[in-house]
Every structure is written in structure tokens, then in C-alpha cells.
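> One predicted model, sequence on top.
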Amino acid sequence: MKKISRFGSYGIITRDNSLLLSQKKRGPYIDLWGLPGGMIEFKESPEISLLREIVEETGYAGSQLRLLFTSTNYLESESMHFHHIGIIYEVGKIEKIAERTGEEESHWFEIASLQLSNLTPFAANALNYLQNIS
């Protein structure tokens, strides 16, 4: 049985009671909507990783990061055990990069209308966090 541990950083990006989410193209959460972010590469800080991933996935540039919480999820299948650890940040400022499109489909979703069943575990945790602070 293959055992995989993955460490990543992810951003909660809000605007006008909406949350920016990206549809996952690969990995264990394929087709679910998740927070922009991803794996922390070798010798990369969580903050630099998150800023890079936001640009790659969404075509936006983020700044003003504030550490919020860590989250973990564990999945088990016949072929692997997947342990996912995420460092979750609030992204205080976001700007669209001219003529840049994201590698993943990204949309702003009204927070009140989001369904947990369509979200990755970290996005579901972010939604719970946002509902508890409002």
C-alpha cells in the first residue's frame, strides 16, 4: 500500500460575501472545488508557495497574507493512504493579472450558497471558519 504525505498552503480569498475557489484537475479531490493553493515545493516557504499557486491556478496576484489555522485530512483507498496537511491563510488583497488566465477553472461563489458536498476538505473547513466569524 502506497503511503503519501503532502504539505501545502492554501488561501481563503473573499470579496463581497463570495469565496474564490478552483476546481481541482488532478489528485484525490479531482472535480471538487477547493481553496487556491497547493504543495509546498522544496526550499519554498508556505507563503511563497501560496502566492505562486494563486497566480498559477487563478491568474490573480495575492498579498497581505495572515496565518489562520492548519488543517489535516486523511483518505484511504485500495491503492493508497493519503495524509494531507494544509496551512490556511487569509489573503487580504487580490488583483487580476492582465492577460493571465489560471491553469484551473476558478470562480467566485457566494458563501451562503456553497454546498459542502462539492468542496475539498480544506475548502469545507474554510467555509465553516467563515460562517463562524460572521
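Okay, I see it.

> What pLDDT is listed against E56?
Looking at E56, its pLDDT is 93.

> Show me which positions of stretch 111-120 end up buried.
Neighbour counts over stretch 111-120 (16 or more other C-beta atoms under 10 Å) mark 111, 114, 119-120 as buried. C-beta: built from backbone N, CA, C; applies to glycine.

> how about the helices in this structure?
46-58, 121-133 (DSSP state H).

> In TSV: those, plus distance to D16 and mean neighbour count.
Shown next, in TSV, are the helices of the chain (distance: least, C-beta to C-beta, whole Å; neighbours: other C-beta atoms under 10 Å):
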stretch	distance to D16	mean neighbour count
helix 46-58	16	21
helix 121-133	13	18
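
> Dump the ones you listed to a markdown table, plus distance to S79.
Output for the helices of the chain, formatted as a markdown table (distance: least, C-beta to C-beta, whole Å):
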| stretch | distance to S79 |
| --- | --- |
| helix 46-58 | 26 |
| helix 121-133 | 19 |
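
> between the ones you listed, which gets nearest to P28?
helix 121-133 (9.7 Å; C-beta to C-beta).

> what about that closest one, distance to the chain center?
In terms of C-alpha atoms, centre = their mean, to the nearest Å, the centre of helix 121-133 is found 11 Å from the chain centre.

> Report the separation between the residue nearest the centre of the chain and G86.
Centroid check for the chain by C-alpha atoms, centre = their mean gives L35 as the closest residue, at 2.2 Å. According to C-beta to C-beta, to the nearest Å, L35 and G86 sit 8 Å apart.

> Pull up the overlap in contacts between the two.
Counting by C-beta atoms under 8 Å, 6 or more residues apart in numbering, the shared contacts of L35 and G86 are 10, 122.

> quick one: low-confidence parts of the chain?
Scanning the chain for pLDDT under 70 picks out the ranges 134.

> which residues in it form strands?
Secondary structure of the chain (DSSP state E): strands at 2-12, 14-15, 18-23, 33-34, 37-39, 60-76, 80-96, 106-110.
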